[in-house]
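In: give me the fold of what follows.
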Amino acid sequence: MTKFLKKWFQIFKNSGIKFFEENPFKHSASTAYFTIFSLPAIGLVAITLAGYFYEDDVVRTQFLNQINQLMGETSSEQIDSLLSSATVQTDRVLFQIIGIGTLLFSATTVFISLQDSLNTIWSIKSKPGKGVLKFIINRLLSLAMIAALGFLLLVSLLADTVISFIQTHLKNILEGATIYIIQVMNIAISLGFITLVFAIIFKVLPDAKLKWRDVWVGAFVTTVLFVAGKFALGFYLGTANLTDSYGAAGSFVAILVWVYYSVLILLFGAQVTFIYSKEMGRIILPTGGCCSECY
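Out: Next up is the predicted model:
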């Protein structure tokens, strides 16, 4: 046990040292900036994709519920308003094409920024001469990420249905214990959902070859850090009273602050994944269109 704790202490120590060498605050700030413009488009595309298999209103409500759990009610209401204004409504085919194209471009931009940040954390950069091809591949990968979010929305809806079914049938059998069982199930599903999102990000977005065993360890560590950080950030946003300081823009600032610190946690989790993989003798290697700066 002592050896295990010493190993992880060393991993976190080395991760912290290298993390601050990569200027993570700049990457978090740029990603938070792009997120403000991309979030409505991401939500709209993910909801539309999931809407092919489920009712749009139900999917949208579930999406906003997830946002509410992560960012709070005020941010959820603001994003709901942004989703309504981001809808493409026109009878002109050309304008529809332009609108949908702009929507997809906006939705994928934040993932491009996040990919660049992860590549920096993992000391990977694109090879010269791969500009156009790399641009197309990156946009397609970002679309795949949004499709994955749509799929996770469906999984979340299915999980809620199952929990509701179990709650109905256990109520008469276990009586008072039912509420505790449901709470544990909700926590487990929430943690599993977040871990799966981080695992997909680490596996798909960076230009790197990473073993699944390292992906899951990194995603789990990032989830633990994220959940702890969420409570701390929720306390800060609850006491900072940004509405008084920034007026009508307070909800936007709250989203910006939340994304900024969340990306910091994500990047630190990625750094832990990098160091852990290296400690285990499984070096993270770049893909064909990229090269490594340190190996």
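In: so what's the backbone phi/psi at residue 207?
Out: phi -80, psi 60 (degrees, to the nearest 10).
In: can you give me the helices for this structure?
Out: Using DSSP state H, the helices of the chain run over 2-21, 24-51, 56-71, 73-86, 93-121, 131-174, 177-204, 212-240, 242-246, 250-279.
In: list the buried residues in the first one.
Out: To tie it back to what came earlier, the one meant is helix 2-21. 11-12, 14-15, 19 (16 or more other CB atoms under 10 Å). Where C-beta positions appear, they are placed from N, C-alpha and C, glycine not excepted.
In: for that helix, what is the average pLDDT?
Out: On average, the pLDDT along helix 2-21 is 86.
In: gap between residue 260 and residue 253?
Out: 10 Å (CB to CB, to the nearest Å).
In: ugh, typo on my part, it should be residue 24
Out: 20 Å.
In: who has more neighbours, those two?
Out: residue 24 (20 against 17; other CB atoms under 10 Å).
In: what's that one in contact with, if anything?
Out: 117, 121, 264, 267-268 (CB atoms under 8 Å, 6 or more residues apart in numbering).
In: let's see that with 10 Å instead.
Out: Residue 24 sits next to 117, 120-121, 263-264, 266-268, 270-271 when contact means CB atoms under 10 Å, 6 or more residues apart in numbering.
In: next, the buried residues of stretch 275-287.
Out: Per 16+ other CB under 10 Å, stretch 275-287 contains these buried residues: 275-278, 284, 286.
In: farthest pair within the residues you listed?
Out: 276 and 286 (18.1 Å; CB to CB).
In: relative to residue 212, how far out is residue 221?
Out: Relative to residue 212, and taking CB to CB, residue 221 is found at 15 Å.
In: which one of these two is surrounded by more residues?
Out: In this view residue 221 and residue 212 are compared by other CB under 10 Å, and residue 221 has more residues nearby, 22 against 10.
In: ok, the more buried one - contacts?
Out: Contacts of residue 221 (CB under 10 Å, 6+ apart): 8, 11-12, 15, 195, 198, 268-270, 272-273, 276.
In: pretty sure residue 115 sits against residue 201.
Out: Yes: Residue 115 is in contact with residue 201 according to CB atoms under 10 Å; the separation is 9.1 Å.
In: lowest-pLDDT helix or strand in this protein?
Out: strand 290-292 (a mean of 54; mean pLDDT, DSSP states H and E).
In: done for today, thanks.
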